[in-house]
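> turn this into a model:
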Amino acid sequence: MALIKKYLFVFVMMILVFPAVQEDLKVIISKPLSGLFSVVARPEFTSQGWFRQEYQEQYRQHTEDFPGFKSDLVRFFNQVDYSLFSIAHASKVVIGKKGYPFGTEYIRSYQGKNFVGTRYCNEKVRLLKIVQDRLWTEKRIFLLVVFAPDKATFFPEYIPTRFRNTEAVNTNYSWYKNRCLEAGVNMIDFNGFFRSAKDTSRYPLYPKTGIHWSNYGAVKAADSLARYLTAKTPFRVPRMVVDKIEVRNKAGEDDTDIEMAMNLIWKIPHPDYAYPQYHFASDTAQKKPACLFIGDSFYWNWYYPGIIGNMFSNVDFWYYGKDIYPQTFTKPVNIGELNFMNEVGRQNIIVFLQTNGGYGNLGFDFIDRMYAETDPAHSRLLYYEKQIRGSQSWMEDMKKNAGEQHLLLDEQIREAALYMVNQELLDKKHQN
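Numbers count the residues shown, from 1 in each chain. The predicted structure is shown next:
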């Protein structure tokens with residue numbers, strides 16, 4: 001009995017000590033966790049830091065961030081909660097029926113809970129139509145609105161029951177889509193197309209384990225975009241030619257982005273996904289058009305496989321209308337650091353690529369900025385900019401905020417004026 005206790009004691013001590021050994025020696029290779037995490041680096045020892053107890057506190061925080069087997073233990077904990085209780089340990093993610101993970105913002109938009117109001121949407125579309133027509137008649141720049149699909153609209157049958165107690169009367173997507181149709185705005189509705197083709201598509205258009213369109217869906221959409229632009233404009237966009245389609249049980253990263261963020265031990269069961277292999281065909285005598293995309297993360301499913309680079313002469317992207325890519329890959333660049341009209345003037349085509357109508361902000365402020373340039377006499381944006389510049393206290397706040405957010409003063413003033421314009425409309429959202 002004493003021998004058993006001795007062995008048991010040694011075994012328990014090994015369990016307690018082994019994580020510390022693993023932290024320093026990495027005896028077993030553990031797969032790192034996916035996603036972004038803020039961690040405390042191991043501090044350097046100084047006598048000053050020791051006596052101020054700063055070293056001890058930072059070391060304590062560091063050891064909590066880097067214990068041996070942390071990633072394995074986190075995955076085990078996450079897997080138990082997912083498998084037994086349908087709980088996802090990922091930011092703004094919930095688990096629906098049959099294990100389908102959803103982004104909560106998709107569900108809120110599907111329910112119409114973030115609908116910005118009819119007056120706001122109507123005014124945005126009115127200005128959009130003016131901007132669209134002026135860009136074409138004066139600069140021969142084609143403006144196009146593309147509604148990307150969203151998972152809640154595509155898979156409403158898998159939304160958790162607790163979110164299905166209300167039916168949306170209006171949503172940002174539905175209202176913008178209908179008003180754009182009525183106003184004659186150039187538009188492609190991939191959200192509606194994907195939903196209508198859901199039961200007839202040979203391969204999944206939207207992945208169970210992803211938050212964006214599937215690899216196959218993204219290719220289909222890109223091909224449709226190229227055909228639409230070639231048919232509607234004088235520009236000739238290289239067309240995609242599919243050589244073959246590989247059907248795999250093992251999903252690619254672009255089809256599992258939401259699953260990866262959940263950091264589980266075992267893969268979530270899913271149907272086979274399709275991966276088209278393709279090349280581009282074009283008339284070498286014609287130059288590819290320049291295109292600016294303004295939108296959200298659906299763009300990356302076209303950018304990283306090289307679709308954008310093959311279809312257009314540039315890869316300009318304004319992420320949420322703020323951050324400029326590809327420049328920001330090297331050094332953060334904000335839209336305020338560019339000459340707005342010069343950037344617009346370099347384009348042949350401008351595309352708003354947004355899911356759920358940009359969650360209400362169609363065009364991510366491009367419409368208001370452009371309208372201010374084309375019709376300054378009637379621009380509420382310029383009105384509020386003038387009000388801000390004319391107020392000494394307001395300008396002091398702008399200088400302070402610009403410094404804190406690392407923005408140019410002019411851009412901070414423009415951001416504040418845009419907020420005032422949008423707030424003015426939102427305050428009247430219930431007025432039809």
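> just for this protein, where's the confidence low?
For the chain, the stretches with pLDDT under 70 are 1-3, 5-30, 32-43, 55, 59-69, 165-168, 376-378, 427-432.
> buried ones in stretch 323-332?
Neighbour counts using 16 or more other CB atoms under 10 Å place 324, 325 of stretch 323-332 among the buried residues. To be clear about C-beta, it is placed using only N, CA and C from the backbone, and glycine gets the same treatment.
> repeat for stretch 270-286
Neighbour counts over stretch 270-286 (16+ other CB under 10 Å) mark 270, 273, 274, 275, 276, 278, 280 as buried.
> name the nearest residue to the first one, ignoring sequence neighbours.
With sequence-adjacent residues excluded and distances taken as CB to CB, 6 or more residues apart in numbering, residue 270 is closest to residue 208, at 4.4 Å.
> residues contacting that neighbour?
For residue 208, the contacting residues are 99, 100, 268, 270, 271, by CB atoms under 8 Å, 6 or more residues apart in numbering.
> ok, it to residue 98 distance?
Applying CB to CB, to the nearest Å, the value for residue 208 to residue 98 is 8 Å.
> swap in residue 51?
Residue 51 is 58 Å from residue 98, where distance means CB to CB.
> could you do residue 238 as well?
Residue 238 is 40 Å from residue 98, where distance means CB to CB.
> then residue 280?
For residue 280, the distance to residue 98 equals 38 Å [CB to CB].
> before we move on, what about residue 360?
Separation of residue 360 from residue 98 (CB to CB): 30 Å.
> can you map out the strands along the protein?
Under the criterion DSSP state E, the chain contains strands at 93-95, 101-103, 142-148, 187-189, 239-248, 273-281, 291-295, 316-319, 323-325, 349-355.
> what pairs with the first one, parallel or antiparallel?
Looking at strand 93-95 with DSSP bridges, its partner strands are strand 101-103 (antiparallel).
> can you check the fourth one too?
Neighbouring strands of strand 187-189 in its sheet, by DSSP bridges, are strand 142-148 (parallel).
> please state the offset of the partner strand from the chain centre?
Chain-centre distance of strand 142-148: 16 Å, with CA atoms, centre = their mean, to the nearest Å.
> ditto for stretch 374-389
Distance of stretch 374-389 from its chain centroid, counting by CA atoms, centre = their mean, is 30 Å.
> same check on stretch 296-308?
Offset of stretch 296-308 from its chain centre (CA atoms, centre = their mean): 11 Å.
> stretch 213-232 now?
19 Å.
> so which of residue 360 and residue 98 has more stuff around it?
A count of neighbours by other CB atoms under 10 Å puts residue 360 above the other of residue 360 and residue 98, at 22 against 11.
> thought residue 121 was touching residue 171?
No - with contact defined as CB atoms under 8 Å, residue 121 does not reach residue 171; the gap is 10.2 Å.
> okay, and the common contacts of these two?
The contact lists of residue 121 and residue 171 share residue 357, where a contact means CB under 8 Å, 6+ apart.
> domains in this structure, by residue range?
2-84, 93-364, 379-432 (automatic domain parsing).
> quick one, what contacts the nearest residue to residue 266 once chain neighbours are set aside?
Using CB to CB, 6+ apart and skipping residues adjacent in sequence, the residue nearest residue 266 is residue 79, 6.6 Å away. Contact analysis of residue 79 by CB under 8 Å, 6+ apart lists 264, 265, 266.
> any idea how far residue 79 is from residue 321?
As for residue 79, its distance to residue 321 is 38 Å (criterion: CB to CB).
> how about residue 411?
Look at residue 411 and residue 321: by CB to CB, they are 12 Å apart.
> mutual contacts of the two, please.
Any residue near both residue 411 and residue 321 by CB under 8 Å, 6+ apart counts here, and that gives residue 335.
> where exactly do the helices run in the stretch 51-200 of the chain?
Counting by DSSP state H, counting those that start in this stretch, the stretch 51-200 of the chain has helices at residues 54-65, 70-85, 104-111, 118-139, 151-154, 172-183, 190-197.
> now the longest one: buried residues?
Yep, that's helix 118-139 we're talking about. Quick answer for helix 118-139 (16+ other CB under 10 Å): 118-125, 127-132, 134-135.
> centre of the chain to it, how far?
Using CA atoms, centre = their mean, the distance from the centre of helix 118-139 to the centre of the chain it belongs to is 24 Å.
> what residues are up against the residue nearest the centre of the chain?
Centroid-nearest residue in the chain: residue 297, 3.2 Å away (criterion: CA atoms, centre = their mean). By CB under 8 Å, 6+ apart, the contact list for residue 297 reads residue 212.
> to what extent is residue 385 buried, counted in neighbours?
So residue 385, with other CB under 10 Å, has 20 neighbours.
> what residues are up against it?
413, 414, 417.
> nearest to residue 330 among those?
Of all those, residue 330 sits closest to residue 414, with 24.4 Å by CB to CB.
> where's the closest one relative to residue 390, distance?
Look at residue 414 and residue 390: by CB to CB, they are 15 Å apart.
> neighbour count: the two, which is higher?
A count of neighbours by other CB under 10 Å puts residue 414 above the other of residue 414 and residue 390, at 24 against 9.
> ok, the more buried one touching residue 336?
Yes - counting by CB under 8 Å, residue 414 does reach residue 336; the two are 6.9 Å apart.
> got the contacts of residue 79 as TSV, with neighbour count columns?
Below are these laid out as TSV (neighbours: other CB atoms under 10 Å):
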residue	neighbour count
264	22
265	14
266	9
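> just the ones of those residues in helices?
Among the contacts of residue 79, none falls in helices (DSSP state H).
> any chance of the residues you listed in CSV, plus distance to residue 181?
Below are those laid out as CSV (distance: CB to CB, whole Å):
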residue, distance to residue 181
264, 42
265, 47
266, 45
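> which one of those is nearest to residue 356?
Among those, residue 264 lies closest to residue 356 (CB to CB), at 27.0 Å.
> list phi and psi for that closest one.
With angles defined as degrees, to the nearest 10, residue 264 sits at phi -100, psi 170.
> mind listing what it touches?
Going by CB under 8 Å, 6+ apart, residue 264 touches 75, 78, 79, 82.
> for the second one, which non-adjacent residue is spatially closest?
Nearest residue to residue 78, sequence neighbours excluded (CB to CB, 6+ apart): residue 89, at 4.7 Å.
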